[in-house]
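Colleague: Sequence isn't available, so here's the structure alone:
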C-alpha cells in the first residue's frame, strides 16, 4: 500500500476546501426577486402643473409628439401621437413583451406602435396623482392585402416604465428598476 505523506495530504485537503468555496460563490440558488411596479396612479407631493411640465420635458427629450387635438392640458391630460417603436423581424417579440394579442391566428406583424395618455389629477393643494395609460397596437397585412392595426391588451410594463420616468423626473429622484443603469423609455434615454 502507498503511504501518504502528511504535507501532501494537507495540501490536497486545503486545495479541495478552497476550490469548493470558490465554486460555491459562483452559484446562485435563488432567482432574483422582480421589483413590483409602481402604483398607477402614483401620488406625489407636487402640484399638477409640475407633473405636466416634467411629462412634456421627457416627451420632448424622447421626440414623442403630443396630439394637440386630443390633449387637454387645462384638465391635466396629455395624449401622444402614435409612436412606431418596432419594425421588421423583431416586431412579434416586441409586441408580446408589452401586450397580449388575440390568439388563434398566425400573423405576420410588420410594425408595433403605442399611444400614451398621461393624466395628472390634483388630490389636494399639495399632492397630485400621475396616471399613465398605454394603447399598444400591431400592424398586420390581411389576406386581401390591406394593412390593419390590431389592439392588444397591455401587460403594464410600458406604463410602469413611463410612470417611473416621469415621476422620477418630477421628483428629481431615480425611480428606475434596480440593475438598469440609464433612465430609458424603450429606445430613448433621457
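Modeller: Structure's in. What do you need? This is a predicted model, so every value here is computed, not measured. Numbers count the residues shown, from 1 in each chain.

Colleague: where in this protein is pLDDT low?
Modeller: Applying pLDDT under 70 to the chain flags the ranges 1-6, 17-33, 103-106, 178-187, 190.

Colleague: 80 - rerun?
Modeller: For the chain, applying pLDDT under 80 flags the ranges 1-35, 103-107, 141-145, 174-190.

Colleague: Once you drop chain neighbours, what's closest to residue 127?
Modeller: For residue 127, ignoring the flanking residues on the chain, the nearest one in space by CB to CB, 6 or more residues apart in numbering is residue 45 at 5.3 Å. The C-beta positions use only the backbone N, C-alpha and C, and glycine is treated the same way.

Colleague: That neighbour contacts residue 126, doesn't it?
Modeller: Yes - at 5.8 Å, residue 45 counts as touching residue 126 under the criterion of CB atoms under 8 Å.

Colleague: tell me which element the spatially most central residue of the chain is part of?
Modeller: Using CA atoms, centre = their mean, the residue of the chain that lies closest to the mean C-alpha position is residue 161, 3.7 Å off. In this assignment (DSSP states H and E), residue 161 forms part of helix 157-171.

Colleague: ok, now residue 136?
Modeller: Judged by DSSP H and E, residue 136 forms part of strand 128-141.

Colleague: Mind listing what's buried along that strand?
Modeller: Neighbour counts over strand 128-141 (16 or more other CB atoms under 10 Å) mark 128, 129, 130, 131, 132, 134, 135, 136, 137, 138, 139, 140 as buried.
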